[in-house]
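1. Structure for this input, please:
(one chain, ligands or ions: 3)
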Amino acid sequence: MTTLHTLGFPRIGAHRELKLAQEAYWAGTLQRSELEHVGRELRARHWAAQADAGITLLPVGDFAWYDQILEWSCLLGAVPPRFDQDHTAPVDIDTLFRMARGRAPSGKPAAACEMTKWFDTNYHYIVPELHPAQDYRIASESLFQQVAEAQALGHAAKPVIPGPLTWLWLGKGDAYDGPGDATKLALLERLVPVYRQVLARLAEQGVQWVQIDEPILVLDLPDAWQRTFLRVYDQLAASPVKLLLATYFGGLGDNLFTALELPVTGLHLDLHRAPEQLPAVLARLKPEQVLSAGVIDGRNIWRTDLDQAEALLAQAQAQLGTRLWLAPSCSLLHVPVDLAQEHGLDNELKSWLSFAHQKLGELRLLSQALREPEAVVSELAAQRAVIAARTASTRIHNPAVQAQMAALAAVSRARQAPFAERIRAQQAALQLPAFPTTTIGSFPQTRGIRGLRRDLKRGSITQAEYDAAIRAEIEQCIRYQEEIGIDVLVHGEAERNDMVEYFGELLEGFAFTANGWVQSYGSRCVKPPIIFGDVSRPEPMTVAWSAYAQSLTDKPVKGMLTGPVTILQWSFVRDDQPRQRTCEQLALALRQEVLDLENAGIQVIQIDEPALREGLPLRRVDWPAYLDWAVDCFRLSTGAVKNTTQTHTHMCYAEFNDIIEAIASMDADVITIETSRSNMELLRAFEDFHYPNDLGPGVYDIHSPNIPDVAWMVTLMEKAAANLPPQRLWVNPDCGLKTRGWEETRPALENMVQAAQQLRQRYSKDAVHK
Ligand SMILES: CN1c2c(nc(N)[nH]c2=O)NC[C@@H]1CNc1ccc(C(=O)N[C@@H](CCC(=O)N[C@@H](CCC(=O)N[C@@H](CCC(=O)O)C(=O)O)C(=O)O)C(=O)O)cc1
Ligand SMILES: N[C@@H](CCS)C(=O)O
Ligand SMILES: [Zn+2]
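-> Ligands and ions are numbered 1, 2, ... in the order given. As a prediction, the model looks like this:
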């Protein structure tokens, strides 16, 4: 029997049960015991589904109340001092929630830990906080309880834990300088003994295999880190369990020899992203070692070409026999739960797709194809037919788009005049004060607004009633901004379920799901649209809403679009052409929308690119090629407007230092960025580079419910104005306000406007000229 396993299963539940329970618990409407019951039910259901599908080793520890890295930090007792953790007591679930979100039903509120993107995914993890003097201990029983839970249900449990080097790499602390700072490695002296205790406890529970995740092995690692892998795993090898070292999201590259030298009993490889590493691994795998082949794509939703997978694995099967295990390439956390819940997708399209449940079936079929193909001839033929039908389908090709693409080289990307000339023309048209104020786009997405979409979907209100109610929201938003004196207004994005899904629903070549939720962070989920064919824009997508908003006021209202790279990055993307091609098609569609907005009298147009940095390949050698086409696509979508039309872009969740040149070459007239959480540290890249265009460093953190005070925001802007020309600076929050309530938004924005007024007085001489 081939061993089949998964590196992790989505924890949210097919109907986002976890989200609903978490939010009810935080709101005080669900008891802790009821929350725990929901967790147990979800785990049991997910194990049962996997076992029923023939998965022989079940992941335990992939469930998390908020995030799996945070769970592990809590198990290690790595709780920052501000959360008042008693060093002899277990870490309580409310402490975990306070670390994640600053507050919980019990315990003192405190500043939440930082959250950031998980490798190149749209999932966010809670950053471990590292201190040179930190002591580690087993401070939570949760993992051991879950192992016992799985075993009581009759399952073979395979605990999944973050490896010590990956956990340290992801961690931050005042004493450390970036992910690869070698001084972090000193913490291993206290960390590794706790790992050994954990492994010993798991062995006592009868666990045979532990999956230890070291995804940093697919990154460029400094020598000191590479060498330390050997030392650390020598110490862990003495444990009485077998270790399966899991790597994913890319190939091992120059870390391959390191990985193969480690004294572990099994190695998991991402053979979907990096099939080319297989021969080198097969040549060097030790005789007793297991190879777990991650051939089913855990990051996308297309059915697997099993012939291709089988051909890739034929030699491995012959060489390794039962030492060849099969698995998805990474945790299934990154795909929706169950395609069977999708009743709105047509059968043809549905036949092309595979969500988490369906991937389990594919895994079993692949194992049969490798061992006893004669037993599954018809299933394999059916899968083959689907793959062939998708390739041949006329739905994926649009001749008009192909014609546009053929002429792409001739399309101008450059604005008509350089920035210095454009900004003068824009200022003459817009007449903005110094330190103009604006927001990033979204205003609170209230229950009322979401309820409207729910009612429209259920048919309990008509499209006309929905549109009227959204217009009323827009009017309220415009009036409010006028009342408090914002200079460049937004319409508030009330009509959008999500900044990417909304566009996916309106573009051709996209499909969207009813229930294809994927966890983004904590209780927040997204429903990534599916790009299955050539992308085009049948009709304007935002013009009516923006034009309506502009009709209500004499102040400029920003048109608001999501950029091509971000739409690409946050969608499930077709895998039958390079991502660059798909991005170019998106850029062309957005270019038309930009021109339509301009024609409708919109003078300021923002094209958000928060995912530009997240799209960076994991290996530096691949960065220049990506940045070239990503920036080119942005310029393709924005380059056609008149000099008097002001383009904005917005980026968040990003460090800018190493991509500042690319950002500058996007040539947006104004960029608004997230900087307040880092106390304007992130601004340094713009200062050092002498960034030439206008810049809005976010003056307050929209992820926090705290109201920023005026003096604080003035101080932050003074820091910015010390190194950048004051006449180039804008005043704005960090990011959109959709996750905040009005009760937090009102005082925060009013304070922000006051801060701008004080800045105008203070810098009246320098800043008059835009
Ligand atoms: C900026 N971010 C985004 C990322 N990726 C995206 N695709 N979009 C983003 O905005 N990545 C990085 C960050 C991640 N940040 C966030 C922030 C907030 C959310 C979020 O709030 N998600 C919502 C779901 C949003 C949505 O689709 N809303 C629908 C309503 C869906 C729904 O639950 N409907 C209910 C009724 C609701 C009610 O009555 O209250 C129903 O149908 O029963 C909509 O507005 O129509 C979330 O709740 O998780 C995500 C990422
Ligand atoms: N315009 C979007 C950008 C989020 S990154 C918003 O305001 O929500
Ligand atoms: Zn943002």
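2. and Asn515, how far is that from Val60?
-> Using C-beta to C-beta, to the nearest Å, Asn515 is found at 26 Å from Val60. Yep, even glycine has a C-beta here, placed from its N, CA and C like the rest.
3. Comparing these two, which shows the higher neighbour count?
-> Val60 (29 against 18; other C-beta atoms under 10 Å).
4. Identify the residues contacting that one.
-> Leu143, Gln146, Val147, Glu149, Ala150, Ala157, Lys158, Pro159, Val160 (C-beta atoms under 8 Å, 6 or more residues apart in numbering).
5. Nearest residue to it in space, ignoring adjacent ones along the chain?
-> Of all residues not flanking Val60 in the chain, Ala157 sits nearest, at 4.5 Å (C-beta to C-beta, 6 or more residues apart in numbering).
6. Is that neighbour bridged to anything, and to what?
-> Leu58 (DSSP bridges).
7. residues contacting it?
-> Ala157 neighbours (C-beta under 8 Å, 6+ apart): Leu57, Leu58, Val60, Val147, Ala150, Gln151, Gln205, Val207.
8. Show me which residues of the host helix or strand of the fifth one are buried.
-> Ala150 is located in helix 142-152, with elements delineated by DSSP states H and E. For helix 142-152, the neighbour count (16 or more other C-beta atoms under 10 Å) marks Ser142, Leu143, Phe144, Gln146, Val147, Glu149, Ala150, Gln151 as buried.
9. related to what we said a few turns ago, out of the contacts of Ala157, which comes closest to ligand 1?
-> Val60 (25.6 Å; C-beta to the nearest ligand atom).
10. per-residue confidence for the closest one?
-> Val60 carries a pLDDT value of 98.
11. Kindly list the main-chain dihedrals of it?
-> phi -130, psi 130 (degrees, to the nearest 10).
12. next one: Lys457
-> Per-residue torsions, Lys457: phi -60, psi -40 (degrees, to the nearest 10).
13. Next up, the contacts around it.
-> By C-beta under 8 Å, 6+ apart, Lys457 lies in contact with nothing.
14. what do you get for Thr672?
-> With contact taken as C-beta under 8 Å, 6+ apart, Thr672 is in contact with Thr438, Ile440, His648, Thr649, His650, Met651, Leu695, Gly696, Pro697, Gly698, Trp730, Asn732.
15. And His334, by the same measure?
-> Thr121, Asn122, Tyr123, Gly298, Arg299, Val518.
16. repeat for Leu267
-> Contacts of Leu267 by C-beta under 8 Å, 6+ apart are Leu244, Leu245, Thr247, Ala259, Leu260, Val281, Leu285, Gln289, Val290, Leu291, Ser292.
17. wait, the third one sits on Leu260?
-> Which is Thr247. No: at 11.3 Å, Thr247 and Leu260 do not qualify as touching, with contact defined as C-beta atoms under 8 Å.
18. Of these two, which one has the most company?
-> For Thr247 and Leu260, the more surrounded residue by other C-beta under 10 Å is Thr247, and the numbers stand at 27 against 17.
19. separation between the more buried one and Gly163?
-> Using C-beta to C-beta, one obtains 10 Å as the distance from Thr247 to Gly163.
20. what do the two both touch?
-> With C-beta under 8 Å, 6+ apart, Thr247 and Gly163 have common neighbours Glu214.
21. what's the spacing between Gly659 and Gln427?
-> If you look again at residue 659, you'll see it is Ile, not Gly. 28 Å.
22. got a list of what the residue of the stretch 101-250 of the chain found nearest ligand 1 touches?
-> Nearest residue of the stretch 101-250 of the chain to ligand 1: Asn122, at 4.9 Å (C-beta to the nearest ligand atom). With contact taken as C-beta under 8 Å, 6+ apart, Asn122 is in contact with His334, Val518, Ser520, Val526, Pro528, Gln569, Trp570, Ala611, Glu614.
23. what's whichever strand or helix holds His46 packed up against?
-> In this assignment (DSSP H and E), His46 forms part of helix 32-52. Helices and strands touching helix 32-52, by 3 or more C-beta pairs under 8 Å, 6 or more residues apart in numbering; DSSP states H and E, are helix 17-27, strand 58-60, helix 142-152, helix 356-371.
24. closest one to ligand 3 among these?
-> helix 17-27 (21.1 Å; C-beta to the ion).
25. and the angle from that closest one to helix 32-52?
-> Per axes from the mean of the first three to the mean of the last three C-alpha atoms, to 10 degrees, the angle that helix 17-27 makes with helix 32-52 is 170 degrees.
26. list the buried ones in helix 17-27?
-> Counting neighbours by 16+ other C-beta under 10 Å, helix 17-27 gives Glu17, Leu18, Lys19, Ala21, Gln22, Ala24, Tyr25, Trp26 as buried.
27. My reading is that Ile605 is in a strand; is that accurate?
-> Yes: according to DSSP: H, G, I helix; E, B strand; the rest coil, Ile605 belongs to a strand.
28. Which residues are in contact with it?
-> Residues in contact with Ile605 (C-beta under 8 Å, 6+ apart) are 558-561, 594, 597-598, 638, 641, 645-648.
29. Check Leu333 too.
-> Contacts of Leu333 (C-beta under 8 Å, 6+ apart): Gly8, Phe9, Pro10, Arg11, Asp62, Tyr123, Val518, Gln519.
30. nearest to ligand 2, of these?
-> Nearest to ligand 2 among the contacts of Leu333, with distances taken as C-beta to the nearest ligand atom, is Tyr123, at 15.9 Å.
31. What distance do you get for that closest one to Glu129?
-> According to C-beta to C-beta, Tyr123 and Glu129 sit 20 Å apart.
32. Measure how buried the nearest residue to Ala369 once chain neighbours are set aside is and give me the count.
-> Distances taken as C-beta to C-beta, 6+ apart place Glu310 nearest to Ala369, at 5.1 Å, with adjacent residues excluded. The tally of other residues near Glu310 (other C-beta under 10 Å) stands at 16.
33. The one 4 residues further on too?
-> The tally of other residues near Ala314 (other C-beta under 10 Å) stands at 11.
34. Does Val207 touch Val160 like I think?
-> No: Val207 is beyond contact range of Val160, at 11.3 Å (criterion: C-beta under 8 Å).
35. ok so, going back, what's the angle from the helix holding Ala150 to helix 32-52?
-> Going by the same axes, to 10 degrees, helix 142-152 makes 50 degrees with helix 32-52.
36. Pull the residues that contact helix 142-152.
-> By C-beta under 8 Å, 6+ apart, helix 142-152 touches 40, 43-44, 47, 58, 60-61, 63, 71, 74-75, 157, 159, 161, 198, 201-202, 205-207.
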